[in-house]
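> Sharing a model prediction with you, sequence too.
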Amino acid sequence: MSQRRKTLLMFLGALGAGLASLVLLSTGCSPHRGWEAALVLADLAAVEGPSALKRGTPEPERTGVFFAVEGRGYSADLYRSPEGSLAGLLLVPGAAEEGKDDPRLVAFATTLARARFAVLVPDLQSLRELRVNPGNVGELADAFSWLVSDPVLSPEGRAGMVAFSYAAGPAVLAALEPPLREKVRFVFAVGGYHDLAAVLAFFTTGSFRVDGRWEYLEPNEYGKWVFVLANVGRLGDPIDRDLLEAMARRRMENLSAPLEDLASRLGPEGSRVFDFIANRDPERVPALLDLLPEGIRRDIAALTLVDKNLSALRAKLLLVHGRDDNIIPYTESIALAGAAPAGQARLFLVRDLAHVDIRPGLASRFRMWRAVQALLAERGN
């Protein structure tokens, strides 16, 4: 499972105490939905352990499904409550080697099924290989098309997506596809992005802009090596591909491992990638980006949202982001919310989402609870 999803679930584990008190803080919302949101959060916290939601609902069914869209075949897991579905939900597995079978992802999908979503989790080979790419947009569009076409799974066409971190971009892009534009009801994104160039500047230098000035937060070193691993296939030189992959594997196992022996053997193309990764000056990022191999630049251009016409978006955006997120800065969700059509985005900024050793304060618990309420509102009663 991706670090982002693990972080979210570990964070939710700190929410057990005081959930009921959040309902009393609610104003202008359904008391039943507020209580249900508290139960859902408590069940996420429990993972596979006991909870009030587990005691009060039947065990969801997890079945393997195979489907085709215009001749393109897919396999996936489908989670359903024996009580039936109120809405469909495409849960994007994210870049993780265990993919749809990661135990925490299974627990997450099961909780959403208890809340009477029909949860479809596709098995995408590129994401198992930690390679997010523009082709994922079409794969998510196909999976969602299949899900929303079944009125048993998506009654009255009610369906949306949940995505974490870098998977949020392909989810939004799939929601912009003309065949789906009117069908995707919502995208619930945790730790998503708007401008990939700004994200790349952050995870290489730790710098991000707040109101035009640079701020610094120690970035997660693991993330940039995932980026290298995801893009080595775009290089033309097979020796450079092998050397950079060896670098990425070495650093993903030990973030302080030396790389000089491998870096000294890189050719011109591989050296440009390594120079970009090793850079610590945010002002140099645009020039270094321009020197990356064409295939990498093409994928960045395809997956970034900053230059996409979000005015065509019909889906509601429910955006959750930690202010101390050291993978993608919280300013990215602020920017994404600001780029969405007026009234279509709700932003929930929380503290301690990335630092799970600190118990979150009441304000953060309240915002997470409101985010789950918003998700349940899209599902319907």
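Done, it's in.

> doesn't R62 make contact with L78?
Yes: contact criterion CB atoms under 8 Å: L78 and R62 qualify, at 7.3 Å. (C-beta placed from N, C-alpha, C; glycine too.)

> Look at those two and report which has more neighbours.
A count of neighbours by other CB atoms under 10 Å puts L78 above the other of L78 and R62, at 21 against 15.

> give me the element the more buried one is part of.
strand 72-80 (DSSP states H and E).

> State the mean pLDDT of that strand.
Mean per-residue pLDDT for strand 72-80: 96.

> Next SSE downstream of that strand?
Per DSSP H and E, the helix or strand that comes after strand 72-80 is strand 87-91.

> and the helix or strand just after that following strand with strand 72-80, angle?
Beyond strand 87-91 on the C-terminal side, the first helix or strand identified by DSSP H and E is helix 103-114. Angle, helix 103-114 to strand 72-80, by axes from the mean of the first three to the mean of the last three CA atoms, to 10 degrees: 70 degrees.

> what's the next secondary structure element after helix 103-114?
Immediately after helix 103-114, counting by DSSP H and E, sits strand 117-122.

> picking up where we left off before, other SSEs contacting the strand holding L78?
strand 61-69, helix 103-114, strand 117-122, helix 135-148 (3 or more CB pairs under 8 Å, 6 or more residues apart in numbering; DSSP states H and E).

> Okay, now the sheet partners of it, with direction.
strand 61-69 (antiparallel), strand 117-122 (antiparallel) (DSSP bridges).

> any chance of those strands in JSON lines, with distance to I327 too?
Output for those, formatted as JSON lines (distance: least, CB to CB, whole Å):
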{"stretch": "strand 61-69", "distance to I327": "29"}
{"stretch": "strand 117-122", "distance to I327": "22"}
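
> Next, the buried residues of stretch 369-381.
Residues of stretch 369-381 classed as buried by neighbour count (16 or more other CB atoms under 10 Å): 369-379.

> any chance of these in CSV, plus pLDDT and distance to V210?
Putting the buried residues of stretch 369-381 into CSV (pLDDT from 0 to 100; distance: CB to CB, whole Å) gives the following:
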residue, pLDDT, distance to V210
W369, 90, 27
R370, 92, 24
A371, 93, 22
V372, 93, 28
Q373, 94, 28
A374, 95, 25
L375, 96, 28
L376, 95, 32
A377, 95, 31
E378, 94, 30
R379, 94, 34
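
> which residues pair with the residue most central in space within the chain across the strands?
In the chain, the centroid-proximal residue (CA atoms, centre = their mean) is F164; its distance is 1.3 Å. Beta-bridge pairing of F164 under DSSP bridges involves V190.

> gap between the two ends of stretch 327-341?
End-to-end span of stretch 327-341 (CA to CA, to the nearest Å): 26 Å.

> What are the buried residues along the helix or strand hosting D261?
Here D261 is covered by helix 260-263, with elements defined by DSSP H and E. For helix 260-263, a neighbour-count test (16+ other CB under 10 Å) marks 262-263 as buried.

> got it, and stretch 317-336?
Buried, per 16+ other CB under 10 Å, within stretch 317-336: 317-322, 325-336.

> again with stretch 284-293
285, 288-289, 292-293.

> Cross those against strands and list the overlap.
Using DSSP state E, no member of the buried residues of stretch 284-293 falls in strands.

> Tell me the one of those nearest L259?
L288 (17.5 Å; CB to CB).

> for that closest one, what are its contacts?
Taking CB atoms under 8 Å, 6 or more residues apart in numbering, we find L288 in contact with 272, 275-276, 279.

> and those residues, which are buried?
Taking 16+ other CB under 10 Å as the criterion, what is buried in these is 272, 276, 279.

> can you redo those as CSV with pLDDT?
Output for the buried ones among the contacts of L288, formatted as CSV (pLDDT from 0 to 100):
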residue, pLDDT
R272, 96
F276, 96
N279, 96
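
> picking up where we left off before, most packed of the strands paired with strand 72-80?
Of all these, strand 117-122 carries the top mean neighbour count, a mean of 28, counting by mean count of other CB atoms under 10 Å.

> by how many degrees do that one and helix 135-148 diverge?
140 degrees.

> and after strand 117-122, which helix or strand comes next?
helix 125-128.

> now the helices: where do they sit in the stretch 201-350 of the chain?
221-231, 238-253, 260-263, 268-278, 285-290, 294-303, 331-339 (DSSP state H, counting those that start in this stretch).

> in the fourth one, what's buried?
In this case it means helix 268-278. 269-274, 276-277.

> can you list contacts of that helix?
When contacts are defined by CB under 8 Å, 6+ apart, helix 268-278 is touched by residues 200, 204, 224-225, 227-228, 231, 235-237, 239-241, 243-244, 247, 263, 266, 285, 288-289, 291-293, 296.
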